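**Q** predicted model follows, preceded by the sequence.
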Amino acid sequence: MLSRQNGRAWLPLTAWKVWLVCGLGLLVALQALQFRFGYRLTADDAMFLQFLWHGWDRVWVEAEAVAKFSGRIGHYVMTPLNALGAWVSGFTSGRLLILISYYSVLVLFAHYLARLTSGNRAFSVSAFIVLVLLALHPLAYEHMPPNAYPLQNTLPFLVVLAARLALMRWPSMHWLGQLIACGSMAVAMLVSEFVFLFATALMAADHLANMAWPRKSELQARFLRLQVRTGKLVSDALVVAVVLAVYVGFRLQYPSSYEGNDPSGLANTSRFFATAMWHLSAGTVFHRLPGVDFSRVTADAWLVSGLVALITTLCAWGLLRRMPVLSAKAAITMMVCIGVLMFYIAAPLAATARQQEWCLDLQVCGYLDSRVAFPGFGVLAYALVCLLVVWFKDRWRLVVFAILALSLGLVGGVNYAANSLIANDMRARVAPWAKAEGVACSVGYSEDTIDRWLSQVQMSSLDPHRFVAMHSDMNSRVFWLEYMNFLRRSGVCPAGQQERSEPLVDAFHTSFSSWSAQGAGVLGAGWSSPEIWGVWSEGNRSELNVLLQPGVHDNVDALRLQLRPYFGPSLQQQRITVLLDGEEVAIWRYSAERHSGNDCCEATVPLPQLVLDAPLRLTLEYEAVRKPGYPGESQDVRELAVGLRSLDLIEHVSEPEGEERERVE
């Protein structure tokens, strides 16, 4: 059984404790200031934001679709939570609230684990754990909260920790209070597998600690020669059972099609263990230091780094001399238990072939589990300190303390310097968000400038380096346009600075994705409902209505369509007759052999002398459409001929390669 040596008893609140709290608060503030620059750094964050500007009904529809696709009921909460996080992170006040919540998770975790190991003398242990976590916490890209998925690793974890601390603080709580605490914890655990793993790891730590140091305030029983609290063990087991029953029941109803849930990576044991270890390492500064170019750190950053190192060293020196010391056996056992629980958190993701490829082949190891398991390093550091103190006896204790304090201070200072480089990089990478807000609100832009900006085909002036990550099926041009319109109608723009109340439109490009609000105004008869990629024709004839505006489209002399002909068992050849205001102007021919693929074709329609400010009617007539009842065809009953992704108005006609067509003179 574990044993515990008596450390120095705490005195009532003294001046050094006040200085300690102030020092830790300053370290948190300095680190948070660096972390505030990064937001919406992953393609998923951009996607969640895109859900939001179509309204909360769309967020719920997407949440339901993702939940059923992945077989994970938590998406009913996680998707709205991530959409909200992606939105509020765009505001300085929102980022500060997110950071306060995030650091609160670390503080509550440190307090919880310290209470398990040190009882009423938990203050010094919890302060030391927080100090270690601040020194080791890197600012990082990848899927790493709080700069990505800002609420996913905060709010559910705060609920779990608050519930566990309440049950610990008041073991004889009224049954209704216990029900509320356990129910809140169960709901939070259903949000994501990461919360479930975190909560069950806390439960395991709680019961293991009680076996070593039984709590006299709670009823104890002997089971297999171990001290257990029967009531607490049963209640925790019931919470886990209920959560698993709901989770597994939903998974059985909606089997997962998500590759991130595929444990095929377990077949390769070495890659599985290596990925888990690298995921744990990726949450610390040590994983990232080899790639840091410290010659780029500014003099100001080095000055603050020195301050961070000094404060960390002084805080560590004061804490090391006053923390309760565990026996060698207790310290070693604690290190083993915490290490196993950290591995337990990283193992599910490490079991997927996709994560193994990302981490071991592409060298991108940081993920959500890295942040979830990261607080365990603070507990490992405390156990290691206890072990060193016991090994080196009293006469060497101050020397050991000095070396440890200086080492931790050095790590904290170097970490701050490394984080300063990432913070500067993040500040540049998020600049397109601020620029889009400036254009949307017309701050510093005239109406003519906005029109010229929107007329640029690639919108290169907004995000020329493609800093903002997006999924491959997201149209960046549509994304930025709809984002700016979302800002205009959401009240973000200051009063008096929004020069135009009408939605901004892209005068030279129209996407027919379901994400685009502009495409619906161009589609006429003969089209199906828009989908994420674009829209299918339906029937033998489709129409497009294009408005050419004087002063904007004076030099336009052609239309360009990005097409996707439908081919299947019932349709191998397609002939499209093109009519412009009722007059035949072109014939396009496509075959399954030559024009297969989702983005196979661009087709250009030269425009004659046009009357501007009048709708132009473009008609596509199809020689054949798919036969819904054809054997081997899908269950789709629509008569499809061609898919349409986008329409561009261009000033110079160029013949696309591979296009086969007859032009009617």
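**A** Nice, thanks for sending it over. Since we're looking at a predicted model, the values are computed, not measured. Numbering: from 1, shown residues only.

**Q** let me see the ranges of the strands in the stretch 401-550 of the chain.
**A** Taking DSSP state E, counting those that start in this stretch as the test, the strands found in the stretch 401-550 of the chain are 509-511, 535-536, 541-547.

**Q** please identify the deepest-packed of the ones you listed.
**A** Per-residue neighbour counts averaged over each of the strands of the stretch 401-550 of the chain give the maximum for strand 509-511, namely a mean of 25 (mean count of other Cβ atoms under 10 Å). C-betas here are computed from N, CA, C, even on glycine.

**Q** what lies in contact with that one?
**A** Taking contacts as Cβ atoms under 8 Å, 6 or more residues apart in numbering, the residues outside strand 509-511 that touch it are 457, 475, 477-478, 516, 518-519, 522, 534, 645-649.

**Q** can I get those in TSV including pLDDT, distance to residue 16 and neighbour count?
**A** What follows is the contacts of strand 509-511, written out as TSV (pLDDT from 0 to 100; distance: Cβ to Cβ, whole Å; neighbours: other Cβ atoms under 10 Å):
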residue	pLDDT	distance to residue 16	neighbour count
457	41	64	12
475	81	59	21
477	82	59	21
478	84	58	22
516	86	62	24
518	85	64	19
519	86	66	23
522	90	71	20
534	91	66	22
645	91	67	20
646	90	66	20
647	91	71	21
648	88	69	18
649	86	72	23
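
**Q** can you put the strands of the stretch 401-550 of the chain in CSV and add distance to residue 637 and mean pLDDT?
**A** Shown next, in CSV, are these (distance: least, Cβ to Cβ, whole Å; pLDDT from 0 to 100):
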stretch, distance to residue 637, mean pLDDT
strand 509-511, 26, 88
strand 535-536, 12, 94
strand 541-547, 17, 91
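
**Q** to residue 635, which of those strands lies closest?
**A** Taking Cβ to Cβ, strand 535-536 is the member of these nearest to residue 635, at 14.9 Å.

**Q** that closest one - contacts with which helices or strands?
**A** Helices and strands touching strand 535-536, by 3 or more Cβ pairs under 8 Å, 6 or more residues apart in numbering; DSSP states H and E, are strand 642-650.

**Q** which elements pack onto the strand it packs on?
**A** Applying 3+ Cβ pairs under 8 Å, 6+ apart, one finds that strand 642-650 contacts strand 509-511, strand 535-536, strand 541-547, strand 558-565.

**Q** try 7 Å this time
**A** Other elements packing on strand 642-650 under the criterion 3 or more Cβ pairs under 7 Å, 6 or more residues apart in numbering; DSSP states H and E are strand 509-511, strand 535-536, strand 558-565.

**Q** direction included, what does the helix or strand hosting residue 590 pair against?
**A** Assigned by DSSP states H and E, residue 590 falls within strand 583-591. If you go by DSSP bridges, strand 583-591 pairs up with strand 573-580 (antiparallel), strand 661-663 (antiparallel).

**Q** of the ones you listed, which stretch is the most buried?
**A** Greatest average neighbour count among the strands paired with strand 583-591 goes to strand 573-580 (a mean of 18), per mean count of other Cβ under 10 Å.

**Q** okay, the angle between that strand and strand 642-650?
**A** Strand 573-580 and strand 642-650 meet at an angle of 40 degrees, taking axes from the mean of the first three to the mean of the last three Cα atoms, to 10 degrees as the criterion.

**Q** same list (the strands of the stretch 401-550 of the chain) but as JSON lines, adding distance to residue 470.
**A** As requested, the strands of the stretch 401-550 of the chain are exported to JSON lines (distance: least, Cβ to Cβ, whole Å):
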{"stretch": "strand 509-511", "distance to residue 470": "13"}
{"stretch": "strand 535-536", "distance to residue 470": "20"}
{"stretch": "strand 541-547", "distance to residue 470": "26"}
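
**Q** so for residue 79, which of those sits nearest?
**A** Distances from residue 79 to each of these were compared by Cβ to Cβ, and the smallest falls on strand 509-511, at 23.4 Å.

**Q** keeping just the C-alphas, turn the strand holding residue 590 into PDB.
**A** Taking C-alpha atoms only, strand 583-591 is exported to PDB below (Å, rounded to 0.1, in the frame of the first residue of the first chain):
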ATOM      1  CA  GLU A 583     -30.900  31.500 -80.200                       C
ATOM      2  CA  GLU A 584     -28.700  28.500 -80.600                       C
ATOM      3  CA  VAL A 585     -25.000  29.400 -80.200                       C
ATOM      4  CA  ALA A 586     -23.200  26.200 -79.500                       C
ATOM      5  CA  ILE A 587     -23.300  22.400 -79.200                       C
ATOM      6  CA  TRP A 588     -21.100  20.600 -76.600                       C
ATOM      7  CA  ARG A 589     -20.400  16.900 -76.800                       C
ATOM      8  CA  TYR A 590     -19.200  14.700 -73.900                       C
ATOM      9  CA  SER A 591     -18.500  11.000 -73.400                       C
END
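
**Q** can you pull the domain assignment for the chain?
**A** If you go by automatic domain parsing, the domain ranges for the chain are 15-39+89-429, 431-489, 510-663.

**Q** from one end of the shortest one to the other, what's the distance?
**A** The stretch domain 431-489 measures 21 Å between its terminal residues, going by Cα to Cα, to the nearest Å.

**Q** show me what residue 622 is bridged to.
**A** Bridge pairing for residue 622 - DSSP bridges - gives residue 576.

**Q** hmm, it is touching residue 538, no?
**A** No: counting by Cβ atoms under 7 Å, residue 622 does not reach residue 538; the two are 10.4 Å apart.

**Q** comparing these two, which shows the higher neighbour count?
**A** Counted by other Cβ atoms under 10 Å, residue 622 and residue 538 do not tie: residue 622 has more neighbours, with 22 against 17.

**Q** give me the helices and strands touching whichever strand or helix holds residue 118, please.
**A** Element membership of residue 118, judged by DSSP H and E, is helix 92-118. Packing contacts for helix 92-118, counted by 3+ Cβ pairs under 7 Å, 6+ apart, involve helix 15-35, helix 122-136, helix 155-169, helix 193-212.
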